[in-house]
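**Student:** next come a sequence and a model predicted from it.
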Amino acid sequence: MISLNINGLDVSVEEGTTLLEAAKFLGFPIPTLCHMEGLEPYGACRLCVVEIGEGAGAKLVTSCTYPAQEGLKVRTTSKRVAKARKMIIELLLASSPQSKTIQDLAAKYEVKQQRFRQEFEDCILCGLCVRMCEEQMVAKAIGFRGRGQERSIGTPFDKKSDVCRLCGGCMFVCPVCTLRCTYNEPDKAICGACSNISAPCLDKDKFDDMMCYLDPCAACEIEKQPCGKGGK
Amino acid sequence: MEKLTVIEGLHDFRHRIMSEKDIEYEKPTLVICGGTGGLASGANNVIRAIKRYMVERSLQGKIAIRITGCQGFCEMDPFILVQPGHHLYPKLKMSDVPTVIDAALGGYIAEHLIYKDTKKQKIYENQNDIPFFAKQTRTVLGFNENIDPIRIFNYVEQGGYGAAEKVLSNPDSNWIIEEIQNSGIRGRGGAGFPTGKKWEFANKSGKKGVQKYIICNADEGDPGAYMDRSLLEGNPHMIIEGMLIAGIAIGATEGIIYVRSEYPLAIKHVLIALRQAKELGLLGKNILNTGIDFDIEIFRGAGAFVCGEETALIKSIENLMGEPRQRPPFPIEKGLWGKPTCINNVETLANIPVIINKGGKEYAKIGIPNNTGTKIFSLVGKIRNTGLVEVPLGTKLSEVVYAIGGGPVGEAKIKAVQTGGPSGGCIPAHLFDMSIDYDSLAKAGSIMGSGGMIVMDEDTCMVDVAKYFMAFLRDESCGKCYTCRKGTQRMYEILEDISMGKATLKDLDLLEELAYVVKDTTMCGLGQSAANPVLSTLRYFRKEFERHIIDKRCDAFVCKDLVGAPCQAACPVGTEVWRYVAHIERGEYEDAYMAIREANPFPSVCARVCNHPCEDKCRAGTSGGDPIAIRSLKRFVTDRIEPSIYKSKIEEWGNGEAPKVAILGAGPAGLTAAHKLSLKGYKVTIFESESKPGGMLCGTIPSYRLPREIIEKEIDSLLNDNITIKYNTALGKDVTVEQLLEDDYKSVLIAIGAHISKPLRLADENAEGVYSSIKFLKEYNIEGKQLAKGNVGVVGGGNSALDAARTALRQKDVESVTILYRRTRNEMPAFAEEIEAADEEGIKIVTLVTPTKVIVSKGKLAGLECIQNKLGDIDSSGRRRPVPMEGTEHTIDLDTLIVAISEDTGIEAIAPEGLNLTAWNTIKPNLATLQTNLPGVFAAGDVITGPNTVIDAIADGKRSAIMIDRFIRGEKMVQGAQVKLPQTYLAPSTNGDEPEKSNKRIEGKHLPADTRRCNFDEVELCLSEKAATCEAGRCLRCDLEFTQDNEDENIEISEGVKAK
């Protein structure tokens, strides 16, 4: 057992526990978009940063990947953490303003402005779908391509994947709900699952920017048709 | 090659080769750099020429050639170094080669080709005496000149594999690690983690017998850094030896050299070296029968910058996407294929044999505590001696930049050095005294990085630098973690906005806020240091950012969306230079005149006496050629067109009586302001202390530079019914500011200039025969009195001194004229052409002297005692300070002495009560509005700046008119700055591509010195029409970049219409 201190509370956890798990155990909420139980920690969204160490040695680390260490002092809501978290949410909001998840996060952490050039991207490249496909479905149908701004998720050469089993797991885990509607051309679809979804969702242009990020899916709400996997 | 099987064999082999070395070295050897830099500069041609000459003359056996890797002095490539004399022949052409070979064979020096100090013409016979080499400590790089990298014997000859022999004879990891720890060496890759500690961890990591790896990180990707490449290219065996030792120390049996595919020559040389080492039995199974297995493989990276990060590098070797993972666990615990892996930089590994040979404690004596050893820096950018520089850590940055690097290339001063590549920061010139070590650099907001040093001068815009590096990082970020991917993109966007003049001060705060978050929250070193270029430039050059944002100016003339056409941006009054130059080329002289006159009320005056900042910034000049002779072109136009052609429209003052404005001084600033205000309907009264208008224009500028009728004509064209001039009315004596305000003048502009010469502050300065330059010039120019007699001395080096000297020379009783200046000609503030003209006319210029005593006989001047100076340190003006040398006093016999050291405004004595003044006795207005602390009282021209140029005074005059207008109308004085980009489209001339078109700047024509020295005829002559057209045709037309786009669209539309 390893004992450490989180926000002033001492806690003992098993070796190999991450800080995120330890904090959750104590009931401290830490926001995250790229973490999911059962999938390998990845550390992509950076939302789950916490402050460790003291004085000049203090630093921010992602709690989802950092293993609990003996005697470690962790602060999950220090000023530095709050500042960084707000900035990250602002960045998310600037790029994917239509995501309900991100809107909720912004509301919760009182991010009231967005000072960057507005973009309308869908995917935040958290990699949950890639890990889901690889680790849980053992398919490796999708993966990352490109680097930096060019980075994206998809099948090799955008060809329909032979190894995909149309399980829809990728869509299930998506925090900003993008795969559901962006891959509406059956030939290019990652898993082809959108062909199972009812018509309104496929007809993207009809709903312009109102794609089904919202839960329940806005498009389906309008058509009063439950949309397969995503809607309720 | 015979395989060695026992350690003794290696010992014997080495000693045999080392003893044979001396015999081999008796004949002269030509050493040529065949590194990537050398080859790019044409080393292959030189090698070909050498071989051809050797075959022609059958010199085989009499002379040897050695083609080496990079030796560091890349600026001088392609060069030949002749050993054993170490004669360096730089920048050779193929035709020079026979001379060098003959000299080498004959044992003499080819003087015209050997390395010289360009300024002093000093010959350096021995390479090691050249400052570039003499000030370095080349413990690692020094081997390169003696080693042909594809010959293992060359390396062994230099004592190579001696450290390996030592380690193999006693393969106990403890003593090796102890030696490394004693040496104190820190990783040369950038972060500076102690190598000894890393090895200790690696040695202890994992269970006994577990497979371990040692990786040589040669993924060097920083723009401008190439020391790792040069080591791999020039001395691959040293790295191999270092890796072998590291492998034995940590118990690794496999080594991998991770090198990027962009380094083909390095890969080639490493592959050859690996083969040779294996053939010799130094790599492989059971090395020299010691039971040690160690082999090295090479892995070619695809060139992603992020793969230099250790976890990304490991992923890349594992054939996965090259992106970092979160540490811990560190590669030392869980690295390549999950096994303990020790990753070291090329340079670190190259230092290992040195440490083992020297002993750790001995090695630690190099450098300073906690920062031991030498470090190779690649010195690039705006520096004279580009190349690789190896110095002990703790060396001063100024030493590297000035003593070794040779200082700036051109006139512009060095502003900053960017260290550590894209992840590093900029260190400003005032911190150059700092020592170069890991800790000082970190403290200054930069990093050591792999050792890139990019030197920047004043023509470098720091916003642009930050933008460049951010673009690099944005493209090279792997994109895995959100704050790095989006953070770099967003920082780039803000920087782009700033460089385009679209940002606000809030954006600057956002940029800083974001930079700190990116630094704090990213996963790997790339992201954590990605904010450095922004944070360090913001820390030291925040003013430059603010200038971009508030004033919409880029003072380095780099950010093109703010600069537009540099000539226009450089002109204080914003003349559309490109426009009138284009009109001249098209033969439209009236249009050209209009273009000038719209911005500048004194075209003919400026055509003669302007200091033409436009020419200094002309892109034809800054890009390596000669700038366009803009002032001569302006003269060409103004000589052809009458000022009266330009009709200015006078607006009626709307309701009620027009307000009155008083202007003190009828110089260029006062007249410009009066003219501009009168056009708006104000009733302007100018109070002038002299009996003529023009101020300095007619008081001090001699008529051989600026004929009087030109000034008069120009001033006449500016006057109208709204302007009254009262002559012989001086501020303080005849009129006061308070009184004017009481007399219902709504506003007062003080533009009295700087008309009082500063004294030398020596005794007897008031003796007969000693005059101030202003008095001397005014007496002649206004009253016609010739004060100079006999031998005339002029103290000073500015334009005023030159004017006084050349005027004195033209007076009737003068025998000789001598200018006395305290620094050298290079530092003289006067225009170069003036100095040249004075030379031609026979004026003697004595430099490096300071007057110490005025010698008087019978109340009259008899001579001047001076002391000799030498140049010392650089002072606050950026020039080298004159330092008097004791005991060098000497006397110069003089009949007239003119003092022209500087001018003062004299404002202190006559200023209205409560006016804020500076320590230099100038008025201190709000520089944004030109309004002084007294409401309604404005100031313009030399009275704010001290002695300055005509064009700046005109600019001040224009601005003060706008401000006074806003003040009287009760409008907001400070309004947002506007970017002025070229707007009018003028089609480029069609006769542009004539083959006979010259790229040389036109030479202005002058009266011959003999004809002009006795009279006041204008010296400079006007260009001929042909010459002017030709010169205007050289213009690069920077404006087209901004105007042509629209025109293209128009053409498309009109053609589209036609097609229908």
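**Tutor:** That came through, no problem. Source: prediction; values computed, not measured. Residues are numbered from 1 along each chain as shown, chains lettered A, B, ... in the order given.
**Student:** what's the closest non-adjacent residue to the closest residue to chain B within chain A?
**Tutor:** Proximity to chain B, evaluated over chain A using C-beta to the nearest C-beta, is greatest for residue A:151 at 3.5 Å. Where you see a C-beta, it was placed from the backbone N, CA and C, and this is true even at glycine. Excluding the flanking residues, the one nearest residue A:151 by C-beta to C-beta, 6 or more residues apart in numbering or on different chains is residue B:479, at 3.5 Å.
**Student:** tally of neighbours for the one you found?
**Tutor:** Counted by other C-beta atoms under 10 Å in any protein chain shown, the residues lying close to residue B:479 total 24.
**Student:** do the same with residue B:736
**Tutor:** 17.
**Student:** what's it in contact with, if anything?
**Tutor:** By C-beta atoms under 8 Å, 6 or more residues apart in numbering or on different chains, the contact list for residue B:736 reads residue B:912.
**Student:** let's see it at 10 Å
**Tutor:** Residue B:736 makes contact with B:664, B:742, B:748, B:910, B:911, B:912, B:913, according to C-beta atoms under 10 Å, 6 or more residues apart in numbering or on different chains.
**Student:** out of those, who's the most crowded?
**Tutor:** residue B:664 leads the contacts of residue B:736 on contacts (other C-beta under 10 Å) with 29 neighbours.
**Student:** what's the closest non-adjacent residue to the residue of the stretch 151-300 of chain B found nearest chain A?
**Tutor:** Chain A sits closest to residue B:221 of the stretch 151-300 of chain B, with a gap of 13.0 Å, by C-beta to the nearest C-beta. Distances taken as C-beta to C-beta, 6+ apart put residue B:305 closest to residue B:221, at 4.1 Å, once the chain neighbours are dropped.
**Student:** and chain A, what are its domains?
**Tutor:** A:1-121, A:128-223 (automatic domain parsing).
**Student:** residue numbers of the stretch 751-900 of chain B in contact with chain A?
**Tutor:** For the stretch 751-900 of chain B, no residue is in contact with chain A (C-beta under 10 Å from any C-beta of the partner chain).
**Student:** hey, where'd the helices end up in the stretch 751-900 of chain B?
**Tutor:** Per DSSP state H, counting those that start in this stretch, the stretch 751-900 of chain B carries helices over the ranges B:773-778, B:799-809, B:832-840.
**Student:** which residues in chain A form strands?
**Tutor:** Here chain A has its strands, by DSSP state E, at A:2-6, A:9-13, A:49-52, A:59-62, A:73-75, A:143-145, A:152-154.
**Student:** contacts only, for the residue in the stretch 601-750 of chain B positioned nearest to chain A.
**Tutor:** With C-beta to the nearest C-beta, the shortest gap between the stretch 601-750 of chain B and chain A falls at residue B:619, namely 30.8 Å. Counting by C-beta under 10 Å, 6+ apart, residue B:619 touches B:557, B:563, B:565, B:566, B:567, B:625, B:627, B:628, B:1035, B:1036, B:1037, B:1038.
**Student:** quick one: which of the residues you listed is most hemmed in?
**Tutor:** Going by other C-beta under 10 Å, residue B:567 tops these with 33 neighbours.
**Student:** and the host helix or strand of that one, what does it pack onto?
**Tutor:** Counting by DSSP states H and E, the element that carries residue B:567 is helix B:566-570. Packing partners of helix B:566-570 (3 or more C-beta pairs under 10 Å, 6 or more residues apart in numbering or on different chains; DSSP states H and E): helix B:560-563, helix B:577-585, helix B:613-617, helix B:619-622.
**Student:** what's the next secondary structure element after the second one?
**Tutor:** Secondary structure here is assigned by DSSP H and E; on that basis, the next helix or strand after helix B:577-585 toward the C-terminus is helix B:589-599.
**Student:** now that following helix, how far from the centre of its chain.
**Tutor:** Remark: helix B:589-599 is offset 34 Å from the chain centroid, using C-alpha atoms, centre = their mean, to the nearest Å.
**Student:** tell me what angle that helix forms with helix B:577-585.
**Tutor:** 160 degrees (axes from the mean of the first three to the mean of the last three C-alpha atoms, to 10 degrees).
**Student:** in helix B:589-599, which residues are buried?
**Tutor:** B:589, B:591, B:592, B:593, B:594, B:595, B:596, B:597, B:598, B:599 (16 or more other C-beta atoms under 10 Å in any protein chain shown).
**Student:** let me know the closest of the residues you listed to chain A.
**Tutor:** Checking those against chain A by C-beta to the nearest C-beta gives residue B:599 as the nearest, at 35.8 Å.
**Student:** residue B:577 is in contact with the closest one, correct?
**Tutor:** Yes - assessed by C-beta atoms under 10 Å, residue B:599 is found in contact with residue B:577 at 9.2 Å.
**Student:** overlap of the contact sets of the two?
**Tutor:** Counting by C-beta under 10 Å, 6+ apart, the residues touching both residue B:599 and residue B:577 are B:568, B:571.
**Student:** please name the nearest non-neighbouring residue to residue B:190.
**Tutor:** Spatial nearest neighbour of residue B:190, excluding adjacent residues (C-beta to C-beta, 6+ apart): residue B:449 at 4.5 Å.
**Student:** show me what contacts the residue of the stretch 251-400 of chain B found nearest chain A?
**Tutor:** At 4.0 Å from chain A, residue B:326 is the closest residue in the stretch 251-400 of chain B, using C-beta to the nearest C-beta. Residue B:326 makes contact with A:41-44, A:61-62, A:64-66, B:311, B:480-481, B:523-524, according to C-beta under 10 Å, 6+ apart.
**Student:** which element is it on?
**Tutor:** Here residue B:326 is assigned to no helix or strand, by DSSP H and E.
**Student:** dump the buried residues of helix B:589-599 into JSON lines; add distance to chain A as well.
**Tutor:** Below are the buried residues of helix B:589-599 laid out as JSON lines (distance: C-beta to the nearest C-beta, whole Å):
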{"residue": "B:589", "distance to chain A": "47"}
{"residue": "B:591", "distance to chain A": "42"}
{"residue": "B:592", "distance to chain A": "42"}
{"residue": "B:593", "distance to chain A": "45"}
{"residue": "B:594", "distance to chain A": "41"}
{"residue": "B:595", "distance to chain A": "38"}
{"residue": "B:596", "distance to chain A": "41"}
{"residue": "B:597", "distance to chain A": "42"}
{"residue": "B:598", "distance to chain A": "37"}
{"residue": "B:599", "distance to chain A": "36"}
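**Student:** list the contacts of the spatially most central residue of chain A.
**Tutor:** Nearest to the mean C-alpha position of chain A, by C-alpha atoms, centre = their mean, lies residue A:33 at 3.1 Å. Contact analysis of residue A:33 by C-beta under 10 Å, 6+ apart lists A:44-48, A:88, A:92, A:99, A:101-102, A:105, A:124, A:126, A:128, A:174-176, B:482.
**Student:** got the phi/psi numbers for it?
**Tutor:** For residue A:33, the backbone dihedrals (degrees, to the nearest 10) come out as phi -120, psi -20.
**Student:** repeat for the one 5 residues further on
**Tutor:** Reported as degrees, to the nearest 10, the phi and psi values for residue A:38 are phi 100, psi -10.
**Student:** was I right to think it contacts residue A:132?
**Tutor:** Yes - using C-beta under 10 Å, residue A:38 is in contact with residue A:132, at 8.8 Å.
**Student:** name the residues contacting each of those two.
**Tutor:** residue A:173.
**Student:** the two: who's more crowded?
**Tutor:** Taking neighbours as other C-beta under 10 Å, residue A:38 and residue A:132 compare with residue A:132 leading, 23 against 9.
**Student:** among the contacts of residue B:326, name the buried ones.
**Tutor:** If we count by 16+ other C-beta under 10 Å, the contacts of residue B:326 have these buried: A:41-44, A:61-62, A:64-66, B:311, B:480-481, B:523-524.
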